[in-house]
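Undergrad: Sequence and predicted model, in that order:
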Amino acid sequence: MNLLETTPTTLGKPLSTGISTLVLPDLHEHNIAKVKQSIDSFISSARKYGTASVIIDGSNSTVTLPEITFKLILDYIAIGLKSAHVQRAARVQFSNTLHEAQAKDSFSTIERTLRPSFQSEEFETVIEANAWLSVFS
């Protein structure tokens, strides 16, 4: 179910699993404000529904941002998830190896800082991510 159809990110919460999905859009300078707004909406919805597990899918996202801006977005997502009391994030890898390395670094830092109350893992597919999170449901 897409609750935020008018924004670049989507929140899907299958009732049977309790797992929400954040699908990242293409990230460019011209849509940063809209991306931030939709991340805020996603976090607000996750907080409202008491979401404990999230899949972050960046596998189809094209990123043309400077490295520091991309890192700030990733950090913003991770901190937002923590503020919404999300306990686990399964991140589907970016297809670009540089962006994947940056994402891995950001989430590893957040996880180390927020342990033991936040876990994250990265996966190659949404199916793998969902399988990992399903163990906790």
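TA: In hand now; what should we look at?
Undergrad: switch to C-alpha atoms for all contacts and neighbour counts from now on
TA: Will do.
Undergrad: Surely V54 is in a helix?
TA: No. Counting by DSSP: H, G, I helix; E, B strand; the rest coil, V54 is located in no helix; its state is strand.
Undergrad: Contact partners for it?
TA: Residues in contact with V54 (CA atoms under 8 Å, 6 or more residues apart in numbering) are I19, S20, T21, L22, V86, R88, A89, A90, L133.
Undergrad: Heading C-terminal from the worst-scoring helix or strand of the chain on mean pLDDT, find the next helix or strand.
TA: Across the helices and strands of the chain, mean pLDDT, DSSP states H and E gives its lowest value to strand 11-12, namely a mean of 54. Using DSSP states H and E, the helix or strand that follows strand 11-12 in sequence is strand 19-23.
Undergrad: what packs against whatever helix or strand comes next after that next one?
TA: Next helix or strand after strand 19-23 toward the C-terminus (DSSP H and E): helix 32-49. For helix 32-49, the packing partners by 3 or more CA pairs under 8 Å, 6 or more residues apart in numbering; DSSP states H and E come out as helix 67-83.
Undergrad: Off-centre distance for the helix it packs on?
TA: For helix 67-83, the distance from its own C-alpha centre to the chain's C-alpha centre is 9 Å (CA atoms, centre = their mean, to the nearest Å).
Undergrad: Following the chain onward from that helix, which element is next?
TA: Downstream of helix 67-83, the next assigned helix or strand under DSSP H and E is strand 88-92.
Undergrad: Which pLDDT does the model give the residue most central in space within the chain?
TA: Geometric centre of the chain, nearest residue: I56, 3.3 Å, by CA atoms, centre = their mean. I56 is assigned 93 on the pLDDT scale.
Undergrad: Surely I55 touches G18?
TA: No. Using CA atoms under 8 Å, I55 is not in contact with G18; the gap is 10.9 Å.
Undergrad: Of the two, give the one with the bigger neighbour count.
TA: Neighbour tally, I55 and G18, criterion other CA atoms under 10 Å: the higher count belongs to I55, 25 against 19.
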